[in-house]
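S.K.: take this sequence and fold it.
(one chain, ligands or ions: 1)
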Amino acid sequence: MNRTEQDIRVVAPAKVNLILKVLDRRPDGYHNIWSLMHTVGLEDELRFELSPPSAGLRLHCDDAALPTDGRNLVAQAASLVLERAGLPADRTMGLDIHLTKRIPVAAGLAGGSSDAAATIAGLNRLLGLGWSSEEMARVGQAVGSDVPFFFFAPSALVRGRGEEVAPVTLTGTRWVVLVHPGFPIETRWAYERLASTRQAVPTLSPTLRGVAGRTSLSWEDVIPLMENDFEEALAQTHQVLREIKQDLLAAGAEAALLSGSGATVFGVFRDKASAVRAQASVGRASGRRAYAVQTGAESVRRTPRRIPCESVDKEPAFPIRSTVRPTPRQTAELSGGAS
Ligand code: ATP
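M.R.: Purely as a prediction, here's the structure:
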């Protein structure tokens with residue numbers, strides 16, 4: 001095994017759902033979904049550091065509200081990787097993981113899933129495992145339904161419970177403004193709410209079925225199709241989500257939508273200047289946090305092709321920003337936390 005790198009950094013981007021259809025409930029209790037997902041430039045950051053074997057696996061996080069034990073998706077992903085690689089953390093090596101959170105938690109932005117995916121990609125690199133994106137996605141699926149998507153980012157069509165991922169090229173550029181209302185929405189609760197409010201499981205429109213066959217779409221194609229099945233069900237209990245959407249449209253968004261199972265609502269803007277203006281105006285209301293960010297940020301991998309299931313792809317799916325031990329100053333900046 002090639003262990004030339006001692007210390008690496010990986011960024012973990014948030015995602016938004018440009019389209020989210022929640023279909024039938026499966027025998028395993030999960031729902032089949034049909035979603036066009038896209039990463040955006042709001043990122044957590046992870047640093048991985050090999051330590052003496054006595055250290056075991058240690059997770060450090062700058063957000064005190066998050067657990068750092070086996071409940072954290074980063075710890076779960078790391079344990080799975082080490083187990084699969086035959087490297088128990090308490091006998092053959094030690095590992096320190098430093099997580100800097102910037103993505104709001106339980107916000108429909110899949111921050112935890114992205115952290116898990118970045119952990120798998122980071123350890124694949126640090127430990128020289130040579131796993132393909134498909135292999136990493138399979139490991140990630142055991143941690144959470146949204147994890148496989150991140151190995152095929154920046155944009156992909158996601159189906160099944162999240163394990164069927166087909167990369168799609170989204171041409172053109174847009175900015176998004178993410179508006180977090182200041183409270184979390186638990187995914188499980190959102191699914192229960194959806195089930196209790198809708199009359200029937202939706203079917204896919206012929207237009208969406210047509211989209212499924214495409215490997216390339218433009219923003220002009222996508223914007224008229226933007227919808228999220230959770231939106232109506234959650235707006236009934238959380239009126240503020242509807243207000244944020246209206247505010248974003250009034251601030252010039254081409255479209256505005258709930259992301260995932262909430263609570264973040266995002267607006268799509270043509271350029272940075274209009275996004276920054278909307279961030280300032282819509283984010284001003286009490287309790288809200290707003291972020292103006294680029295879609296398909298420079299930091300996420302571009303995959304302009306459909307990846308066949310069994311193809312071998314040794315490229316790191318996540319940007320590995322530093323492959324050498326950082327200077328003490330860089331280390332201090334990293335552990336100093338989010339901007
Ligand atoms: P999803 O729809 O995939 O559940 P989400 O964006 O709504 O995504 P996350 O921020 O990913 O939600 O967090 C969901 C839950 O996972 C939270 O209750 C949180 O306590 C837990 N969790 C565990 N590890 C992490 C992590 N590294 N970052 C964020 N949340 C985490």
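S.K.: can you list the residues of the protein near the ligand?
M.R.: Residues of the chain found near the ligand (CB under 6 Å from any ligand atom) are 66, 72-74, 105-113, 115, 144, 146, 187, 260-261. Backbone N, C-alpha and C define where each C-beta goes, glycine included.
S.K.: quick check: bridge partners of the nearest residue to residue 61 once chain neighbours are set aside?
M.R.: Spatial nearest neighbour of residue 61, chain neighbours left out: residue 99 (4.4 Å); criterion: CB to CB, 6 or more residues apart in numbering. For residue 99, the beta-bridge partners under DSSP bridges are residue 46, residue 61.
S.K.: OK, contacts around residue 99?
M.R.: Neighbour list for residue 99: 44-46, 59-63, 66, 72, 74, 115 [criterion: CB atoms under 8 Å, 6 or more residues apart in numbering].
S.K.: mind giving me the ChimeraX select for those, buried ones only?
M.R.: With 16 or more other CB atoms under 10 Å as the criterion, this ChimeraX line picks the buried residues out of those:
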select :44,45,46,59,61,62,66,72,74,115
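S.K.: check the contacts of residue 99 and tell me the two furthest apart.
M.R.: 45 and 72 (15.0 Å; CB to CB).
S.K.: do you have the helices of the protein handy? List them.
M.R.: For the chain, the helices defined by DSSP state H occupy 73-84, 111-126, 133-141, 187-197, 206-211, 219-222, 230-235, 239-250, 272-282, 328-336.
S.K.: show me what counts as buried in the fifth one.
M.R.: Pointing back at helix 206-211 there. Those would be 208, 211, for helix 206-211 by 16+ other CB under 10 Å.
S.K.: what of stretch 68-82?
M.R.: Neighbour-count burial for stretch 68-82, counted by 16+ other CB under 10 Å, picks out 68, 72-82.
S.K.: now the residues you listed as CSV including pLDDT and distance to residue 161?
M.R.: Output for these, formatted as CSV (pLDDT from 0 to 100; distance: CB to CB, whole Å):
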residue, pLDDT, distance to residue 161
68, 97, 27
72, 98, 22
73, 98, 16
74, 98, 21
75, 97, 22
76, 97, 17
77, 97, 17
78, 96, 23
79, 94, 22
80, 96, 18
81, 95, 21
82, 92, 25
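S.K.: show me which of these is closest to residue 158.
M.R.: Residue 158 lies nearest to residue 73 out of those, by CB to CB, at 17.6 Å.
S.K.: need the contact list for the closest one.
M.R.: Counting by CB under 8 Å, 6+ apart, residue 73 touches 112-113, 115-116, 119, 143-144.
S.K.: filter those down to the buried ones and hand me the ChimeraX line.
M.R.: A single ChimeraX command selects the buried members of the contacts of residue 73 (16+ other CB under 10 Å):
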select :112,113,115,116,119,143,144
